[in-house]
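>>> What shape does this take:
(one chain, ligands or ions: 3)
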Amino acid sequence: MSVTRTVTTCTRDCPSCCGLVAVARDGVLQAIEGNPAHPLNRGGRCRKMRAYVARVNSPERVLHPMRREGVSWRRVSWAQALDELADRLGEAASSSGPESILHYQGYGERTALKLLNGRFFAHLGGATGLAGSLCSGTAYAAMALDFGTRLSHDPLDHQNSRTLVLWGRNPAATQFNMARILARARKNGATVWLVDPAATESLALAHRHVRPAPGADLHLALAAARHALEQGWEDKDFLRGRSEGFEAFRALAFARPVEEHARLAGVPPEDARGLAHALCRERPAAVLLGWGLHRHVDAHLGVRAIDALQALAGNVGVPGGGVSQGFEEYGPYDQSVWGEHLHLPRRAVLLPDLARSMEACRSPRLRAAVVSAANPACMAPDSEAVARAFRALEFTAYMGHFLDDTARLAHLFLPCATFLEEDDVVASYGHNYLGPVNRACAPRGECRSQFAVYQDLAARFPFAKDYVKPLDDWLSIICRPFLDKGFTLEDIRRGPVRDPDAPMVPWREGPFDTPSGRFRFLDALEFGPEASDGRPLTLLTTGSPEHLCSELTPAEHDPLPVARVHPDAGRSQGVADGEPAWMESDLGRVKVLVSFDAAQRPDVCLCRRGGWIAAGHGLNRLIPAGASALGNGTPYYRARVSLRPAVPVDSAGHGQ
Ligand SMILES: Nc1nc2c(c(=O)[nH]1)N[C@H]1C(S)=C(S)[C@@H](COP(=O)(O)OP(=O)(O)OC[C@H]3O[C@@H](n4cnc5c(=O)[nH]c(N)nc54)[C@H](O)[C@@H]3O)O[C@H]1N2
Ligand SMILES: Nc1nc2c(c(=O)[nH]1)N[C@H]1C(S)=C(S)[C@@H](COP(=O)(O)OP(=O)(O)OC[C@H]3O[C@@H](n4cnc5c(=O)[nH]c(N)nc54)[C@H](O)[C@@H]3O)O[C@H]1N2
Ligand SMILES: [Mo]
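Residues are numbered from 1 along each chain as shown. Ligands and ions are numbered 1, 2, ... in the order given. Purely as a prediction, here's the structure:
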């Protein structure tokens, strides 16, 4: 019996990107532990890791290539699968042009070698790509207007804060290492605020909870800004020396009294005043923006008002301060490896409006798609329309692990290795470390790393000589900018390694990246169209602590998605605690299990994202498609729903 312990890094779509030690016995994965040498997660790991061991070893995982024939799947060899894929892609590219192929690379994989997926299509002449984001986009674009670039404080800098505000972020569920850092900041005496319409797991990390109405952060920030200005708490040096547009922002704040802004935000005025006091008088104060709050049409206004509030409070450019949101996970790499210079600019479909955008493609129309590390038929809004758009294609190849909602629409399934079964390098969208991905066990069955799959596929094309290279050669090419800072691949393999150029505290001195070099205040408000379908509840579909997006096996699903509502909201719609109900939007209905939760706002229905349509979940069937007003984000949380009993209710109000 041989036990191996391999240092590696989590590559899940999560800002934590934890250092791990994977334990295998006789080549079979047994456990995943935290790597004590990683300075952020320091030996800990989240609860998803136990489930991930089961996921790697799951009997439901697809272990050999398959071809769909009608409703059933037939096993094929890798040679047959890749011959067919090469034929289909080659034929589409030569007879209709490479844009007749959609290359859909999802968020399930963000490692260094995954740049080569895009490069394959670049050599083919440049396929139709993706624009916009199902995840972020809005905050990024908003922060680019204010600071010039979105730059976050190093997570360890948050330990210098006296006040920490989790604004639309739920790290107790979604970011293990941040929960640890917050625990240490609390020990150092920091006060933690949670600003979230929902009562979430992160209440356990927080001293104070402000519960704005969904999408109302703009009004909360303006209320706090007005109070701060009335008290004369603004940082006059920063305003004079490093900013522009402040007078216009001041006018927005003074357009209404604090009480009126607070009413629009759906919070008591004392909450806004308390928040202003914490940000201005209990400094340094850091705002950690989550991904949740930018899933609204006008989310950029909220983000910009938060930036403005932090700037006037004097928290920009100081240790323990800032507005931090994310990091560039492809930042350490030579981005030219994507290969966009190899062809003319190509069109892209808009992720927040995927189905309409795919169907609108003409000259050439879309004929084929290659989807990897994504489950858009489940995770993109208006998922029935997305399924329709994929069904209209002649050919779809899916690279992944399980027969999920998107795989079911494909013609060819190529089973891929998990990160525990392959070698690579991964950077994070939540910190500044580059981590090694070291193979801890052999791929199960016939699964292969995507690197190997694309290398083999490319061997069937004339550009093979430019594409087929040993893994280490490619890693050295891709990581060149990082290696040039004085590291070797071996250093990274033993890593993690921090990017020595990444700031602990951005904007400490010097100009901002805006055209004028000054921080730019939000100076005007322009609102998108209101959602006014008359349904009483805003549907929040947030991250579950148990699993990541749609990464769950069929067996892991609850029989019905759980819908948490305030008892008053439930009763007024005639549904009962613990009973099934129909959740309805203008797009359709999904059966849910109602759970009364007095901690929630009465205008919110809180559900977990990620459940598969094939398992009876699929809440994105209820959520309309369309992009946010700025940044092409996806405003999932503009969806409004109502609940109706799914079993007849007798006159005494009892379900039968
Ligand atoms: N366990 C687990 N971890 C994950 C994920 C997962 O699904 N499960 N997902 C991963 C991914 S893809 C991402 S992008 C990150 C996301 O990480 P987070 O941003 O922390 O998580 P979310 O659940 O997307 O959203 C956070 C919170 O935003 C709140 N929110 C919604 N609307 C508003 C609003 O208008 N204003 C305010 N102030 N708050 C609002 C929601 O109620 C929610 O609690 O986590 C990653 N990590
Ligand atoms: N209603 C609602 N919908 C949402 C959200 C929401 O808040 N509400 N949040 C959105 C967010 S934040 C995101 S990021 C998107 C996510 O949308 P997607 O990226 O489409 O979905 P995931 O569920 O993350 O699926 C990732 C898949 O990649 C696979 N995978 C992981 N690693 C690898 C690999 O190395 N190779 C291959 N081939 N496959 C791999 C996993 O097994 C999984 O099947 O969904 C969005 N959808
Ligand atoms: Mo995401």
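>>> Pull the contacting residues for residue 416.
If a contact means C-beta atoms under 8 Å, 6 or more residues apart in numbering, then residue 416 has 372-373, 399-401, 447-450, 453 as its contacts. Any C-beta I mention is one placed from the backbone N, CA and C, and that applies to glycine too.
>>> do that again at 7 Å, thanks
For residue 416, the contact set (C-beta atoms under 7 Å, 6 or more residues apart in numbering) comprises 399-401, 447-450, 453.
>>> Could you pull out the helices in the stretch 1-150 of the chain for me?
Secondary structure of the stretch 1-150 of the chain (DSSP state H, counting those that start in this stretch): helices at 48-56, 78-96, 115-123, 138-147.
>>> Find the helix or strand that residue 415 is a member of.
strand 412-415 (DSSP states H and E).
>>> next one: residue 605
strand 604-608.
>>> Just the CA atoms of that strand, as PDB, please.
The C-alpha trace of strand 604-608 is given here as PDB (Å, rounded to 0.1, in the frame of the first residue of the first chain):
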ATOM      1  CA  VAL A 604     -36.900  38.600  -1.200                       C
ATOM      2  CA  CYS A 605     -37.000  34.900  -2.100                       C
ATOM      3  CA  LEU A 606     -33.600  33.300  -1.400                       C
ATOM      4  CA  CYS A 607     -32.500  30.200  -3.300                       C
ATOM      5  CA  ARG A 608     -29.300  28.500  -4.200                       C
END
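>>> Would it count as contacting ligand 1?
No: using C-beta under 6 Å from any ligand atom, strand 604-608 never reaches ligand 1; the gap is at least 7.0 Å.
>>> In that strand, which of the residues would be classed as buried?
Buried residues in strand 604-608, counted by 16 or more other C-beta atoms under 10 Å: 604-608.
>>> want to throw those into a markdown table with pLDDT?
Converted to a markdown table, these look like this (pLDDT from 0 to 100):
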| residue | pLDDT |
| --- | --- |
| 604 | 98 |
| 605 | 98 |
| 606 | 98 |
| 607 | 98 |
| 608 | 97 |
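>>> how about these, which pair is most distant?
The two members of the buried residues of strand 604-608 with the most space between them (C-beta to C-beta) are 604 and 608, at 13.8 Å.
>>> so which strand or helix has residue 310?
helix 299-313.
>>> Residues in contact with that helix: which ones?
138-139, 141-143, 145-146, 167, 217-218, 221-222, 224-225, 228, 234-235, 238-239, 243, 249, 279-280, 285, 287, 289, 293-294, 316, 323, 519, 521-522, 525, 628-631, 633.
>>> OK, contacts around residue 417?
443, 447-449.
>>> Excluding chain neighbours, what is closest to residue 55?
Ranked by C-beta to C-beta, 6 or more residues apart in numbering and with sequence neighbours excluded, the top spatial neighbour of residue 55 is residue 553, at 6.1 Å.
>>> got it, and residue 518?
In space, residue 518 is closest to residue 244, 4.4 Å off (C-beta to C-beta, 6+ apart).
>>> CA-only coordinates of stretch 313-323 in PDB, if you can.
Provided in PDB are the C-alpha atoms of stretch 313-323 (Å, rounded to 0.1, in the frame of the first residue of the first chain):
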ATOM      1  CA  ALA A 313     -14.100  59.100   3.700                       C
ATOM      2  CA  GLY A 314     -10.400  59.100   3.100                       C
ATOM      3  CA  ASN A 315     -10.100  55.300   2.700                       C
ATOM      4  CA  VAL A 316      -8.600  55.200  -0.800                       C
ATOM      5  CA  GLY A 317      -4.800  54.500  -1.000                       C
ATOM      6  CA  VAL A 318      -4.400  53.800   2.700                       C
ATOM      7  CA  PRO A 319      -3.400  50.500   4.300                       C
ATOM      8  CA  GLY A 320      -6.500  48.800   5.700                       C
ATOM      9  CA  GLY A 321      -8.700  50.800   3.400                       C
ATOM     10  CA  GLY A 322      -9.800  50.600  -0.200                       C
ATOM     11  CA  VAL A 323     -12.600  49.100  -2.300                       C
END
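>>> Please put the alpha-carbon coordinates of the host helix or strand of residue 377 into CSV.
Following DSSP H and E, one finds residue 377 within helix 376-379. Provided in CSV are the C-alpha atoms of helix 376-379 (Å, rounded to 0.1, in the frame of the first residue of the first chain):
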residue,chain,number,x,y,z
PRO,A,376,-24.6,27.4,-19.9
ALA,A,377,-27.8,25.4,-20.4
CYS,A,378,-28.2,25.5,-16.6
MET,A,379,-26.2,28.6,-15.6
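>>> Touching that helix from outside, list them.
For helix 376-379, using C-beta under 7 Å, 6+ apart, the contacting residues are 104, 134, 354, 383, 386-387, 390, 404-406, 409, 549-550, 612-613, 618, 620.
>>> quick one: the helix holding residue 310 to helix 138-147, angle?
Put simply, helix 299-313 runs at 40 degrees to helix 138-147, going by axes from the mean of the first three to the mean of the last three C-alpha atoms, to 10 degrees.
>>> Enumerate the residues of the stretch 501-650 of the chain near ligand 2.
Checking the stretch 501-650 of the chain against ligand 2 by C-beta under 6 Å from any ligand atom, the hits are 541, 549-551, 609-610, 619-620, 623, 636.
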